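>>> Task: produce atomic coordinates for the following.
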Amino acid sequence: MESPPLVPPSAKLGWLDALRGVAALVVVFDHSSYTFMADFRRELMPQFNTSRYGIMVFFLVSGYIIPASLERRGCVRTFWIGRIFRVYPLWAVVVLVLLAAHLLGVAELHDFGGQSAGTVVVAHATMLQELLGTPNLLLVLWTLSYEMSFYLLVVALFTVRLHRRSGAIAVALAVLSAASVAAGAALPASALSGLVGTGPLIVCASVVMGLAICCASAGSPVLRGFGGVLGGVPALVLVPFNGTVPLWEGLVILAVMFLGTAVYRAGHGQSTWRRTAAAAVLVVVCAVGSASWSGTDDHFARRGWIVAFLLAVLTFAVGLATRRRRVPRILTGLGTISYSVYLVHPLLLAVIDGTVGRQRQNSLVLEVAFFAVLLPVCLLTHRCVEAPSQAWGRRLAGRVELPGTGR
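The predicted structure follows:
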């Protein structure tokens with residue numbers, strides 16, 4: 001039997017790009033089906049929750065990549081510079097265009113429940129708005145709050161040198177998820193905001209997060225340690241106690257990201273495949289058990305979530321197993337622009353809903369046409385916004401890296 005072609009060194013992460021590309025397309029279909037294929041969507045969702053599928057694939061990929069990025073640099077300061085220039089520029093452009101579209105009357109903003117403009121701005125600037133009791137300007141932004149929480153936890157673990165225990169952390173979070181369901185623990189959405197108030201919580205979390213990032217990026221080892229640990233506090237508090245998803249699902253999301261990290265460690269000789277496989281089995285069993293036993297959703301919603309979750313894990317496993325094969329260029333290209341695809345598509349849908357309106361009948365032609373318009377636009381935003389901002393971030397990181405600190 002002929003052995004599979006090996007990928008060149010520059011394409012070793014092509015399989016991850018392919019997974020991101022597939023996940024982005026599935027999420028786009030999930031959201032655009034509201035507008036163009038609503039009847040089909042209503043039939044599909046109870047069987048297969050396409051949104052959760054795409055999101056879980058994204059979280060697994062992030063779990064694999066993000067800690068590797070930090071540890072490769074070995075410097076928290078350059079890690080945060082890289083993340084800021086990677087995530088914020090396109091996010092800012094999309095939000096500004098959405099606000100402009102709203103002022104022009106071609107797109108509507110969500111109701112913010114009487115929160116002031118300043119509160120909304122500060123909450124979104126932290127990217128923790130989903131966990132701070134503030135409705136998202138765009139629906140997809142809720143996942144970035146969990147991404148930011150993961151960044152904070154990864155830095156905290158790296159600072160206290162517990163970052164290589166990814167498998168154990170994933171299992172612990174998954175077990176806590178199952179235990180919370182078994183114990184009947186359920187919290188209302190944004191429970192902490194309801195207790196202390198949204199405004200005070202946003203101020204507190206913003207100050208803590210800003211201080212943590214500054215201290216963790218400092219030259220002093222003491223300040224770095226303090227900042228790293230401090231940054232993990234809002235993540236550990238907000239995800240379980242102030243999310244809008246059920247308590248068990250918030251814990252599963254973090255477990256999934258740390259499972260992605262555990263896979264990275266096994267692939268790089270920092271752990272064994274046997275341990276990682278055991279951790280994966282435990283995480284999957286606990287996640288499926290949590291969804292099955294949860295009483296917050298009806299049977300069909302739970303089934304759609306479970307199918308989506310299992311398929312997401314299977315998709316990641318297939319990508320991992322075939323990582324040494326050459327990945328089709330179209331898939332790696334989609335992965336490259338996946339962040340643009342993820343952020344730009346709800347903006348276009350908001351304009352379509354605010355002008356043309358949603359279709360009363362399924363229209364596969366319009367669905368395909370939406371993708372045909374979206375992808376060239378995303379290629380443009382990647383080239384004009386993402387790529388230059390990432391290049392600026394790399395240059396800045398090269399100038400400010402702390403030589404010889406390992407942090």
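>>> Show me how far stretch 388-395 is from its chain's centre.
Chain-centre distance of stretch 388-395: 21 Å, with CA atoms, centre = their mean, to the nearest Å.
>>> If you could redo that for stretch 90-105, that was the one I meant.
Centroid separation between stretch 90-105 and its chain, computed with CA atoms, centre = their mean, is 21 Å.
>>> do stretch 20-32 as well
With CA atoms, centre = their mean, you get 13 Å for stretch 20-32.
>>> Can you show me the CA trace of that stretch as PDB?
This file holds the C-alpha atoms of stretch 20-32, laid out as PDB (Å, rounded to 0.1, in the frame of the first residue of the first chain):
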ATOM      1  CA  ARG A  20     -11.600  26.100  10.800                       C
ATOM      2  CA  GLY A  21     -12.800  26.500   7.300                       C
ATOM      3  CA  VAL A  22     -15.400  23.800   7.600                       C
ATOM      4  CA  ALA A  23     -16.600  25.000  11.000                       C
ATOM      5  CA  ALA A  24     -17.000  28.600   9.600                       C
ATOM      6  CA  LEU A  25     -19.100  27.400   6.700                       C
ATOM      7  CA  VAL A  26     -21.400  25.400   9.000                       C
ATOM      8  CA  VAL A  27     -21.900  28.300  11.300                       C
ATOM      9  CA  VAL A  28     -22.700  30.600   8.300                       C
ATOM     10  CA  PHE A  29     -25.200  28.100   7.100                       C
ATOM     11  CA  ASP A  30     -26.700  27.900  10.600                       C
ATOM     12  CA  HIS A  31     -27.300  31.700  10.800                       C
ATOM     13  CA  SER A  32     -28.100  32.300   7.100                       C
END
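>>> I figured Ala350 hits Leu98, correct?
Yes. Here Ala350 reaches Leu98: they are 6.5 Å apart, a contact under CB atoms under 8 Å. C-beta here means a position set from N, CA and C on the backbone, and glycine is covered the same way.
>>> shared neighbours, the two?
Residues touching both Ala350 and Leu98 (CB atoms under 8 Å, 6 or more residues apart in numbering) are 107, 138.
>>> So for the two, which sits in the more crowded spot?
Shown here are Ala350 and Leu98; by other CB atoms under 10 Å, Ala350 has more neighbours (23 against 19).
>>> Which residues are in contact with that one?
Taking CB under 8 Å, 6+ apart, we find Ala350 in contact with 98, 101, 107-108, 138.
>>> can you do 7 Å?
With CB atoms under 7 Å, 6 or more residues apart in numbering as the criterion, the residues that contact Ala350 are 98, 101, 107.
>>> That one: helix or strand, and which one exactly?
Using DSSP states H and E, Ala350 sits in helix 338-355.
>>> next one: Val229
Counting by DSSP H and E, Val229 is found in helix 221-242.
>>> Identify the residues contacting the next helix or strand after that helix?
As assigned by DSSP H and E, the chain's next helix or strand after helix 221-242 is helix 247-267. Outside helix 247-267, the residues that touch it by CB under 7 Å, 6+ apart are 56, 59-64, 67-68, 146, 150, 164, 166-167, 169-170, 173-174, 176-177, 180-181, 185-187, 239-240, 243, 271-273, 276, 279-280, 283, 287, 290, 294, 320.
>>> Going through the residues you listed, which ones are buried?
With burial judged by 16 or more other CB atoms under 10 Å, the buried subset of these is 56, 59-64, 67-68, 146, 150, 164, 166-167, 169-170, 173-174, 176-177, 180-181, 187, 239-240, 243, 271, 276, 279-280, 283, 287, 290, 294, 320.
>>> Looking at the residues you listed, which are in helices?
Judged by DSSP state H, the buried ones among the contacts of helix 247-267 include 56, 59-64, 67-68, 146, 150, 166-167, 169-170, 173-174, 176-177, 180-181, 239-240, 276, 279-280, 283, 287, 290, 320 as members of helices.
>>> buried ones in the helix holding Ala350?
For helix 338-355, burial by neighbour count (16+ other CB under 10 Å) applies to 338-353.
>>> Please apply the same query to stretch 228-243.
In terms of neighbour count (16+ other CB under 10 Å), stretch 228-243 has its buried residues at 228-235, 237-243.
>>> contacts for it?
76, 128, 130-133, 149, 152-153, 155-156, 158-160, 187, 190-193, 205, 208-209, 211-213, 215-216, 247, 250-251, 254.
>>> Whichever of the residues you listed end up buried, select them in PyMOL.
To isolate the buried members of these in PyMOL, using 16+ other CB under 10 Å:
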select buried, resi 76+128+130+131+132+133+149+152+153+155+156+158+159+187+190+192+193+205+208+209+212+213+215+216+247+250+251+254
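>>> Tell me which of the contacts of stretch 228-243 fall in strands.
The strands, defined by DSSP state E, take in nothing from the contacts of stretch 228-243.
>>> Show me which of the buried residues of helix 338-355 is closest to Thr381.
Ser340 (4.5 Å; CB to CB).
>>> from memory that closest one sits against Cys378, does it?
Yes. Using CB atoms under 7 Å, Ser340 is in contact with Cys378, at 3.8 Å.
>>> What segments of the stretch 301-407 of the chain are helices?
329-336, 338-355, 364-381, 387-400 (DSSP state H, counting those that start in this stretch).
>>> Tell me which of those lies nearest to Arg303.
Of all the helices of the stretch 301-407 of the chain, helix 364-381 comes closest under CB to CB, at 24.6 Å.
>>> Helix 329-336 and that closest one, what's the angle between them?
Angle between the axes of helix 364-381 and helix 329-336 is 70 degrees (criterion: axes from the mean of the first three to the mean of the last three CA atoms, to 10 degrees).
>>> Under the pLDDT cut-off, which ranges of the protein? List them.
Along the chain, the model assigns pLDDT under 70 to residues 1-12, 295-300, 401-407.
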